[in-house]
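> Kindly return the folded structure for what I paste below:
(one chain, ligands or ions: 2)
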Amino acid sequence: MTTTAPLIKLNNGLEIPAIGLGTWQSPHDQVIEAVSYALKEGGYRHIDCAYAYGNEAAVGEGIKQSGVPRSEIWLTSKVWTTYLNRVEECLDETLANLGTDYLDLLLIHWPVHLNPNGNHKFFPTLPNGVRDVVHDWDLSKTWAEMESLVKKGKLRSIGVSNFSQMKLEEILKSATITPVVNQLELHVYNPQKNLLKFMESKGIKAQAYSPLGSTNSPLMKDDVVVSIAEKKGVEPSTVLLAYLLAKGIIVLPKSVTPARIAGNLSKPLSITLDAEELEKLDTLAENGKQQRFIKPPWPVVLGFEDWI
Ligand SMILES: NC(=O)C1=CN([C@@H]2O[C@H](COP(=O)(O)OP(=O)(O)OC[C@H]3O[C@@H](n4cnc5c(N)ncnc54)[C@H](OP(=O)(O)O)[C@@H]3O)[C@@H](O)[C@H]2O)C=CC1
Ligand SMILES: O=C[C@H](O)[C@@H](O)[C@@H](O)[C@H](O)C(=O)O
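Ligands and ions are numbered 1, 2, ... in the order given. Presented below is the predicted three-dimensional model:
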């Protein structure tokens with residue numbers, strides 16, 4: 001029988017599969033196949049998308065080709081930052097692309113509003129080349145629109161992505177719905193422990209993006225990761241995902257390679273890291289290996305401990 005991911009309960013009572021398929025940088029032709037395979041044969045019931053990835057229509061085609069009913073799938077997307085003043089417009093395009101009339105979860109992709117009337121639909125810049133940001137935008141306004149879309153029935157849950165404690169506090173002060181998740185770059189080199197503690201105190205679950213360290217990852221060559229993998233007779237990727245799952249973090253590994261897609265779900269669930277192994281992995285960052293791989297040039301203070 002195909003393995004399926006365990007479910008994690010969110011603060012609104014809904015349950016999300018702990019492993020979802022990432023789709024960033026997945027080319028159109030390959031992502032149709034990847035999504036269809038993940039759902040039909042890989043045991044996946046959770047797909048992570050974003051309007052800005054530009055491939056949602058292909059993801060939607062993959063869902064259709066899989067034959068798996070929409071009601072069985074947890075579908076997340078993200079509103080891009082040029083749309084923080086018109087979330088519904090972005091969401092409606094996402095829904096049309098994906099071929100559905102609701103999302104299980106919509107996230108604010110980054111806590112920065114880019115100029116909706118700038119020189120580019122996604123990445124407007126100033127004449128000096130710096131990203132064209134609306135510096136006085138109040139994120140609470142975006143959050144209020146997200147809340148209204150839940151009431152309207154287009155969204156089952158709402159959350160955020162790339163929010164530091166400082167940015168979370170900006171929306172929590174007036175929120176009537178607490179974000180269910182904060183999707184962050186989380187892996188052995190970037191564990192963000194203090195932020196995760198703050199989120200736990202508010203009932204906000206963590207989702208790990210780039211859990212394998214993204215494209216051409218150095219994490220899979222880390223000597224501690226490799227030695228644990230060798231000892232257990234598994235691949236480094238399995239150790240990296242099992243480490244995050246052991247911490248109760250939802251993981252979103254991306255792959256367009258069928259064998260990897262299936263293995264990224266089934267293999268980490270088939271091993272248990274012991275306390276000593278977890279401790280070794282959990283202290284890599286504080287022992288000099290702290291590093292994040294996704295650092296777009298935002299000309300604003302984001303407020304992360306390692307990335308102000
Ligand atoms: N909210 C945000 O701002 C962000 C969200 N995300 C989300 O998180 C997802 C995952 O992050 P992403 O940055 O894509 O990186 P990942 O950490 O998931 O790494 C993806 C890379 O690892 C390769 N890979 C996958 N599985 C294996 C394996 N078992 N063994 C060896 N190599 C493997 C993939 O290759 P191949 O595909 O060729 O198999 C690809 O090159 C994204 O796709 C997206 O959905 C990501 C970044 C930012
Ligand atoms: O989800 C993926 C990432 O956040 C990606 O959308 C951004 O890093 C983007 O390329 C940017 O340059 O701001």
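
> how about low-confidence regions in the stretch 1-150 of the chain?
Within the stretch 1-150 of the chain, no stretch has pLDDT under 70.

> again, 80 this time
Where the stretch 1-150 of the chain drops to pLDDT under 80, the residues are 1.

> and the gap between residue 252 and ligand 1?
As for residue 252, its distance to ligand 1 is 4 Å (criterion: C-beta to the nearest ligand atom, to the nearest Å). No exception for glycine: its C-beta is placed from N, CA and C like everyone else's.

> In this structure that residue contacts residue 49, no?
No - when contacts are counted by C-beta atoms under 8 Å, residue 252 is not listed as touching residue 49 (10.4 Å).

> quick check, distance from stretch 224-232 to the centre of its chain.
Put simply, stretch 224-232 sits 26 Å off its chain's centre (C-alpha atoms, centre = their mean, to the nearest Å).

> Pull out the buried residues from that stretch.
224, 225, 228, 229, 232 (16 or more other C-beta atoms under 10 Å).

> Equivalent analysis for stretch 32-51, please.
Counting neighbours by 16+ other C-beta under 10 Å, one finds that the buried residues in stretch 32-51 are 32-39, 42-51.

> Ok, stretch 118-130 next?
Under the neighbour-count criterion of 16+ other C-beta under 10 Å, stretch 118-130 has 118, 123, 124, 125 buried.

> Show me what that stretch is in contact with.
Residues outside stretch 118-130 that contact it (C-beta atoms under 8 Å, 6 or more residues apart in numbering): 52, 80, 82, 114, 115, 131, 132, 297, 299.

> Over to stretch 165-175?
111, 138-140, 142-144, 147, 160, 163, 178-179, 182, 194-195, 198-199, 202, 204, 301-303.

> ok, and which of the buried residues of stretch 32-51 reach ligand 1?
Among these, the residues within reach of ligand 1 (C-beta under 6 Å from any ligand atom) are residue 48.

> Identify each of the helices in the stretch 101-250 of the chain and give its residue range.
139-151, 165-172, 193-202, 223-232, 236-246 (DSSP state H, counting those that start in this stretch).

> Between those helices, which one is closest to residue 27.
Nearest to residue 27 among the helices of the stretch 101-250 of the chain is helix 236-246; the distance by C-beta to C-beta comes to 20.7 Å.

> what's the average pLDDT for the next helix or strand after that closest one?
Using DSSP states H and E, the helix or strand that follows helix 236-246 in sequence is strand 250-251. Mean pLDDT, strand 250-251: 99.

> elements contacting strand 250-251?
When contacts are defined as 3 or more C-beta pairs under 8 Å, 6 or more residues apart in numbering; DSSP states H and E, strand 250-251 packs onto strand 205-209, helix 236-246.

> The following helix or strand past that strand near ligand 1 at all?
Next along the chain after strand 250-251, taking DSSP H and E as the criterion, comes helix 258-269. Yes - among the residues of helix 258-269, 260, 263, 264 lie within reach of ligand 1 under C-beta under 6 Å from any ligand atom.

> Just the CA trace of helix 258-269, in CSV.
Output of helix 258-269 as CSV, limited to C-alpha atoms (Å, rounded to 0.1, in the frame of the first residue of the first chain):
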residue,chain,number,x,y,z
PRO,A,258,9.4,10.6,-9.9
ALA,A,259,11.7,8.4,-7.7
ARG,A,260,12.6,11.4,-5.5
ILE,A,261,9.0,12.5,-5.3
ALA,A,262,7.9,9.2,-3.9
GLY,A,263,11.0,8.8,-1.7
ASN,A,264,10.7,12.2,-0.2
LEU,A,265,7.4,11.2,1.3
SER,A,266,7.9,7.5,2.2
LYS,A,267,11.6,7.4,3.3
PRO,A,268,11.6,10.0,6.1
LEU,A,269,8.6,8.3,7.6
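
> who does that helix touch, helix- and strand-wise?
helix 28-40, helix 236-246.

> now these as a markdown table including distance to residue 277?
Conversion of the helices and strands packed on helix 258-269 to a markdown table gives the following (distance: least, C-beta to C-beta, whole Å):
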| stretch | distance to residue 277 |
| --- | --- |
| helix 28-40 | 28 |
| helix 236-246 | 8 |
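
> Find the nearest non-adjacent residue to the residue in the stretch 51-200 of the chain that ligand 2 sits nearest to, please.
Closest residue of the stretch 51-200 of the chain to ligand 2, C-beta to the nearest ligand atom: residue 52 (5.0 Å). Spatial nearest neighbour of residue 52, chain neighbours left out: residue 80 (4.3 Å); criterion: C-beta to C-beta, 6 or more residues apart in numbering.

> for the one you found, what are its contacts?
Contacts for residue 80 (C-beta under 8 Å, 6+ apart) come out as 50, 51, 52, 90, 109, 122.
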